[in-house]
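Peer 1: Test case, fold it:
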Amino acid sequence: QVQLVESGGGLVQTGGSLRLSCVASGRTFSNYAMGWFRQAPGKEREFVALISTSGGNTRYADFVKGRFTISRDNAKNTIYLQMNSLNPEDTAVYYCARATYSGTWPTSSNGYGYWGQGTQVTVSS
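Peer 2: Coordinates of the predicted model:
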């Protein structure tokens, strides 16, 4: 069974930075694309970033381009989300997720079968 555990959330002022981490259990971590999503109160869960199995390819939502960076360390079964220039609109619960199928590159939450419990990010103005 795959388990994902996020950490690194917290309260930060506008313009600040946070680094989220997500540790995955299991031996096949490097075979799957991984993603970050977020969900703000009263809103649907939305795609934030995606990284390929090797880490060589990434994709971002338009609203985070140039501010957030996704990375992974397959030796540690971990992905990261470095978030810079945060603003109050970034306030949300952030989730990491593993693609359901190896070889896929999903930006929709429907493409992910395993999710972490989420970590709260709050940006004050």
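Peer 1: would you list every one of the strands in the chain?
Peer 2: Using DSSP state E, the strands of the chain run over 4-7, 10-13, 18-24, 34-39, 46-51, 58-60, 68-73, 78-83, 92-99, 112-115, 119-124.
Peer 1: any idea which residue sits dead centre in this protein?
Peer 2: What sits nearest the mean C-alpha location of the chain, by CA atoms, centre = their mean, is Trp36, with 2.2 Å.
Peer 1: Make sure that one is actually in contact with Ala49.
Peer 2: Yes - counting by CB atoms under 8 Å, Trp36 does reach Ala49; the two are 4.8 Å apart. (Each C-beta comes from the backbone N, C-alpha and C, glycine too.)
Peer 1: Please enumerate the shared neighbours of those two.
Peer 2: Common neighbours of Trp36 and Ala49, using CB atoms under 8 Å, 6 or more residues apart in numbering, are 70, 81.
Peer 1: Neighbours of Phe47, how many?
Peer 2: Neighbours of Phe47 under the rule other CB atoms under 10 Å: 20.
Peer 1: Any stretches of this structure with poor pLDDT?
Peer 2: Applying pLDDT under 70 to the chain flags no residue at all.
Peer 1: go with 90
Peer 2: For the chain, residues meeting the criterion pLDDT under 90 lie at 1, 26-27, 65.
Peer 1: hang on, the earlier thing: now do the contacts for the residue nearest to the centre of the chain.
Peer 2: By CB under 8 Å, 6+ apart, the neighbours of Trp36 are 20, 22, 48-50, 70, 79, 81, 94-97.
Peer 1: Include neighbour count and distance to Val64 when you put those residues into CSV, please.
Peer 2: As requested, those are exported to CSV (neighbours: other CB atoms under 10 Å; distance: CB to CB, whole Å):
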residue, neighbour count, distance to Val64
Leu20, 24, 12
Cys22, 25, 16
Val48, 25, 6
Ala49, 24, 7
Leu50, 23, 11
Ile70, 22, 9
Ile79, 27, 15
Leu81, 26, 9
Tyr94, 23, 11
Tyr95, 23, 15
Cys96, 30, 15
Ala97, 25, 16
